[in-house]
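In: I'll drop the sequence and a predicted model, then ask my questions.
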Amino acid sequence: MTSSVSRSRGVFPVVALSAFIDAIRDSGYRSPAHALAELVDNSLEAKAHSINITIQDDPQTGVGQVRVIDDGCGMPPSTLQLALQFGGSTRFNERTGTGRYGMGLPCSALSQARRVDVYSWQSPSQTWWTYLDARTIASGSCVQIPAPKRAPVPLPAHSPSGTVVVLSDCDRFDRSPLVAGDITNNLGRIFRRVLIGGASVSVNGEPIGPVDPLFTAAHHKIVQGTPYGPTLEFRIRAPLGTTSTVRVRFAELPVRTLHVLSNAEKAGAGITKGAGVSVVRAGREIDYGWYFMGSKRKENYDDWWRCEVEFEPVLDELFGLTHTKQRVNPTRELAAVLVPHVEPIARVLNRRVREAFQQVRSPQHDSNASRRAQSRDNQLEPPHTTRRSRNGSAAEPDNAGITGLQYRTLRSSMGESELFNAELVGRVLTMTVNTDHAFYEQLLAPLMRQRVVRTSEAMAPLELLLLAYCRAETSLRHKADKRIAHHLRKQWAEALNAYVG
């Protein structure tokens, strides 16, 4: 009975099938890789050791077919029907594995394709098959999972048991080369633990390697991260009454070794645009984002350190897990526990990266203006500053004995609206000029290319003007004043950008 007929007779089904299936198809999977991850989850739950994903194009229609083949334990007919039911699961609401809601297979499959066929066998001689078709569900002609039938496997079975999931009429599956690389990288990151543990996952016959966002796994050859500090452990009481441990660890990348790489090499190695926290649930990554950082905003420097937060399924409610297992929405209670520890370490690591870049770049930017400012700095009142220990805690005042600051100027693509920023670390005041700002591109860069006078002489007056402003900011003692100064500098730079842009 269709939904329209039911309504005409005054009967209102609990589920309006046409609207329901459209909503399910818009479940919000971030990418084909995240949808396929649900199918890989099922294979791993079935104790599969080898999982092969094949993506094929149809030369006639251009719509491809996707197959996920595993050598897991297989399913009997009753379980096969349950696997395709929305909310159907033999492990519903369990907190011991990756699955929980029983929505993974039908939701992920239909988010990418109009039809999904499932073949499963527990012995090579007896294969069972059933399917879901979005069009027949929407029309009301299919109101229950078709009873499984005996059918041949659509490809030779090389294992005594296993399952094949076939997505066809893939109207939402992007198969461009860029997305193919995205599938490999995302699945390698999501399932890095099981891949390192020996499981095999391949795409079109090419094995997927583990991708560790912290770069601490031994398989990394170009990049090798270093753990920063011990793993933090927090015992947290779960809503179900039990307690569980959340583990947080950090790693930093070697700036001195890797800063010489080109932008393309840094992107290829996964350094740039990689800042964030990997959230791992039951050994499987479910999200990657800027979490538990409090008021700290994300900057380019944050690409050079990483964080991982790991928890078990009993804490799902506190992490705000979604049914697609690809996003979290941490509660205030959880944030109150983690943020006071994560945010300070994030700021320390950010500062350590800045210091590392200052050390590797400073010899190239010892300009006439910075040397002149440095020679005259002892005529000014020493700035109010504090020495910081390695773990970021404040120590004794550092005003005593400072007879003058050291000055350095850098030029860098900052990706922000500011023309420049200033940072005082110990006795070194570093000013970084933003090469992306319109004022730099239209006025400073041409000035530096002049041949009438030496570059350092041409830049000196303007550089001294900016250095003087930076020096003035070091006299600010209170965080509120520093925030106001930063806001004013940003607004000034935006106005300047509008005038000259």
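Out: Sure thing, it's come through.
In: at which residues are the strands of the stretch 201-350 of the chain located?
Out: Assigned by DSSP state E, counting those that start in this stretch, the stretch 201-350 of the chain shows strands spanning 206-207, 226-237, 243-252, 277-281, 284-289, 305-311.
In: including mean pLDDT, could those strands go into JSON lines?
Out: Shown next, in JSON lines, are the strands of the stretch 201-350 of the chain (pLDDT from 0 to 100):
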{"stretch": "strand 206-207", "mean pLDDT": "93"}
{"stretch": "strand 226-237", "mean pLDDT": "94"}
{"stretch": "strand 243-252", "mean pLDDT": "96"}
{"stretch": "strand 277-281", "mean pLDDT": "97"}
{"stretch": "strand 284-289", "mean pLDDT": "95"}
{"stretch": "strand 305-311", "mean pLDDT": "97"}
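In: out of these, nearest to residue 498?
Out: Of all the strands of the stretch 201-350 of the chain, strand 284-289 sits nearest to residue 498, with 32.1 Å by C-beta to C-beta. C-beta here means a position set from N, CA and C on the backbone, and glycine is covered the same way.
In: in its sheet, what does that closest one sit against?
Out: The pairing partners recorded for strand 284-289 under DSSP bridges are strand 277-281 (antiparallel).
In: in CSV: the strands of the stretch 201-350 of the chain, plus mean neighbour count and distance to residue 267.
Out: Formatted as CSV, the strands of the stretch 201-350 of the chain follow (neighbours: other C-beta atoms under 10 Å; distance: least, C-beta to C-beta, whole Å):
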stretch, mean neighbour count, distance to residue 267
strand 206-207, 12, 21
strand 226-237, 13, 21
strand 243-252, 18, 19
strand 277-281, 22, 18
strand 284-289, 20, 16
strand 305-311, 23, 16
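In: now do the contacts for residue 80.
Out: Taking C-beta atoms under 8 Å, 6 or more residues apart in numbering, we find residue 80 in contact with 118, 120, 128, 130, 148.
In: where does the stretch 51-200 of the chain dip in pLDDT?
Out: For the stretch 51-200 of the chain, the stretches flagged by pLDDT under 70 are 59-63, 87-103, 156-157, 175-180.
In: which stretches of it form helices?
Out: With helices called from DSSP state H, counting those that start in this stretch, the stretch 51-200 of the chain shows them at 77-84, 104-112, 134-139, 177-190, 192-196.
In: how about the stretch 201-350 of the chain?
Out: Under DSSP H, counting those that start in this stretch, the stretch 201-350 of the chain gives helices at 255-258, 263-268, 316-319, 332-361.
In: the first one - contacts with which helices or strands?
Out: Going back to what we said before, that points to helix 255-258. The helices and strands touching helix 255-258, judged by 3 or more C-beta pairs under 8 Å, 6 or more residues apart in numbering; DSSP states H and E, are helix 332-361.
In: buried ones in stretch 40-57?
Out: 40-46, 48, 50-55 (16 or more other C-beta atoms under 10 Å).
In: swap in stretch 199-212?
Out: By 16+ other C-beta under 10 Å, the buried positions in stretch 199-212 come out as 199, 201, 202, 203, 208, 209, 210, 211, 212.
In: can you flag the weakest of the helices of the stretch 201-350 of the chain by average pLDDT?
Out: When those are ranked by mean pLDDT, helix 255-258 comes last with a mean of 78.
In: which parts of that one are buried?
Out: Neighbour-count burial for helix 255-258 [16+ other C-beta under 10 Å]: 255, 258.
In: just the CA coordinates of that helix, formatted as PDB?
Out: Extracted in PDB, the C-alpha atoms of helix 255-258 (Å, rounded to 0.1, in the frame of the first residue of the first chain):
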ATOM      1  CA  VAL A 255      60.400  21.400  11.300                       C
ATOM      2  CA  ARG A 256      64.200  21.600  10.900                       C
ATOM      3  CA  THR A 257      64.200  18.500   8.700                       C
ATOM      4  CA  LEU A 258      61.000  19.000   6.700                       C
END
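In: show me how far that helix is from its chain's centre.
Out: 22 Å (C-alpha atoms, centre = their mean, to the nearest Å).
In: in the stretch 1-150 of the chain, which spans are strands?
Out: Counting by DSSP E, counting those that start in this stretch, the strands of the stretch 1-150 of the chain are 50-56, 65-70, 115-123, 126-133, 149-150.
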